[in-house]
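Trainee: the following comprises the amino acid sequence and a computationally predicted model.
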Amino acid sequence: MQNRLPPFYLLLLIFLLPIKSYSQEKYDVSIGATIPEGYNIGFKYNYKTDRRLDFYFGHKIPFEYYSKWNTFTVNHAYYFGKIKSKANGKLWTVNTGFLYGIYSDNQIGTHNGYVNLYFAREIIISPKIYLEPKLGGSYMLFYNVSRGTLNGYIIRIAPNFGLNLGFKI
């Protein structure tokens, strides 16, 4: 069995290549490992000086090797706090958004929807690179078992934490 790059990554790369020519540091690309998104790649659009839209595609939970977990996330970030001269802006964000997750393994298949609320901070490494740790929570809005049966309890509130590496383009 071959590991292939999912088509989403290729489409994201194709759409991001021409952005460099006309951007004024409005776009960011990030990669990371977070819960509940899993290993993710993201695209961030700063549409105002203190507001941003984030789009993430996540794949596989970092601690579960034999299951498939794909997520699609849209978040809205609002910057707050003191303005930092090194970063030319505020570094703290409060983020709200929606996560749609598809989980499957040999016995069960589910579709989940979460509302996210978390705080994040950009830690500047260089003028174009930053780390972004995040911490908060997610609330499960719905779940749908499409295959098999679900045993055990449904946990409605889940932690939302992780670390992303961002690149300004």
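Mentor: The structure has been received and is ready for your questions. Numbering: from 1, shown residues only.

Trainee: list the buried ones in stretch 145-161?
Mentor: 158, 160 (16 or more other CB atoms under 10 Å). Every C-beta, even on glycine, is put in place using the N, C-alpha and C of the backbone.

Trainee: and the end-to-end length of that stretch?
Mentor: Distance across stretch 145-161, first residue to last, is 25 Å (CA to CA, to the nearest Å).

Trainee: list the contacts of it.
Mentor: Residues from elsewhere that reach stretch 145-161 (CB atoms under 8 Å, 6 or more residues apart in numbering): 34-36, 104, 107-111, 114, 116-118, 133-140, 143.

Trainee: same question for stretch 53-60.
Mentor: Stretch 53-60 is touched from outside by 6, 8-9, 12, 30, 34, 36-45, 47, 67-77, 95, 97, 101, with contacts defined as CB under 8 Å, 6+ apart.

Trainee: try 7 Å this time
Mentor: With CB atoms under 7 Å, 6 or more residues apart in numbering as the test, stretch 53-60 has contacts from 6, 8, 37-45, 47, 68-77.

Trainee: put the buried members of those into a PyMOL selection.
Mentor: This is the PyMOL syntax for the buried subset of the contacts of stretch 53-60, where burial follows 16+ other CB under 10 Å:
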select buried, resi 37+38+39+40+41+42+43+44+69+70+71+73+75+76+77
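
Trainee: strands - which of the contacts of stretch 53-60 land there?
Mentor: Taking DSSP state E, the ones among the contacts of stretch 53-60 that sit in strands are 38-45, 47, 68-77.
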